[in-house]
Each structure stands twice: as C-alpha cells, then as structure tokens.
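just need the structure, nothing else, for what follows:
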Amino acid sequence: SSSIVSFARDLGTSLSHLQVLWMAHCGLVDLDGISSCSSLKELYVAYNNISDLSQLPWLEHLEVLDLEGNSIEDINQLQYLGLCGKLRCLTLQGNLICLRPAAGAAQAPGYNYRAAIQELIPHLECLDSAGVSHG
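Reported below is the predicted structural model:
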C-alpha cells in the first residue's frame, strides 16, 4: 500500500495531461506531488487522511474537489483553495472543520462553516452538493 500513498511522486511526471483523478479510500496522508498533475480539473480524494491543502493552488485548472471524510481540522487550510481560481464545486462534509474552525477550538455556537468557506472561496458555486447563495 505504500506504493499507492506515494503515487503522485512516482507517477507524477506521466500524469501531466490527466484531467480527472479518483483516489478515494487509498490511505493518502498528503497531496505531495499532486502539482505535477497540472491539468487536473477534477480531484476525488474522499475518505483519506488529508489535512494539508497547501499543494492544491498548483492545480490552476481545478474545478471539482471532493475532500469528504478527510482530516481537515483548520479552516485556514481553505485559504489555499481560495487560490484555485476555477474551483466551483467542493465537498467537505465529514471533516472536523464542519464542526469547529480549528483543532483546539471548542464547538463555537455561532460558527457557520458554510459561511466561513464562502468567505475564503468567494467564487465557489457548490458546497457539499448544495448551491452556494451569494446574497
């Protein structure tokens, strides 16, 4: 399984034309090397252990991103997604940030993760299969 976890580093050079990548349930702990998949438009990495999104701004064509059921526990990680100018559809349910903005934070009663994400990714059109209202 270790070969899968480092898939991007090993295969990256031959994946530069890939537009859609499914890597759900693969035990991924990071997205190191994903930048070599520079043509990606859709990335499906649900049910892994990803918490660091800093590699994603390299994917300048990315439109659809599925991060359901990962380990994202700091809302500030989503600033990286704000740099993905074409990102319009995002799935984040099942991550800790849906409940609270940071790992050590108590569940804040006024915390609205949809609103927080809209602020960080203003061009988003769809979040967790629901439309984003720009009101």
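
residue boundaries of the helices in the protein?
2-5, 7-11, 79-82, 113-120 (DSSP state H).

how much space between D74 and A105?
9 Å (CB to CB, to the nearest Å). Quick note: C-beta positions are derived from backbone N, CA and C, even for glycine.

neighbour-wise, which of those two wins?
Between D74 and A105, counting by other CB atoms under 10 Å, D74 is the more crowded of the two (18 against 15).

check contacts around the more buried one.
By CB atoms under 8 Å, 6 or more residues apart in numbering, D74 lies in contact with 51, 97, 101-103.

rerun at 6 Å
Counting by CB atoms under 6 Å, 6 or more residues apart in numbering, D74 touches A102.

do the same with the one 10 residues further on
For C84, the residues meeting the contact criterion (CB under 6 Å, 6+ apart) are 56, 62.

for L92, same thing?
By CB under 6 Å, 6+ apart, the residues touching L92 are L67.

near the closest residue to G94 other than its chain neighbours, how many other residues are there?
Using CB to CB, 6 or more residues apart in numbering and skipping residues adjacent in sequence, the residue nearest G94 is G69, 3.8 Å away. Residues near G69, counting by other CB under 10 Å, number 19.
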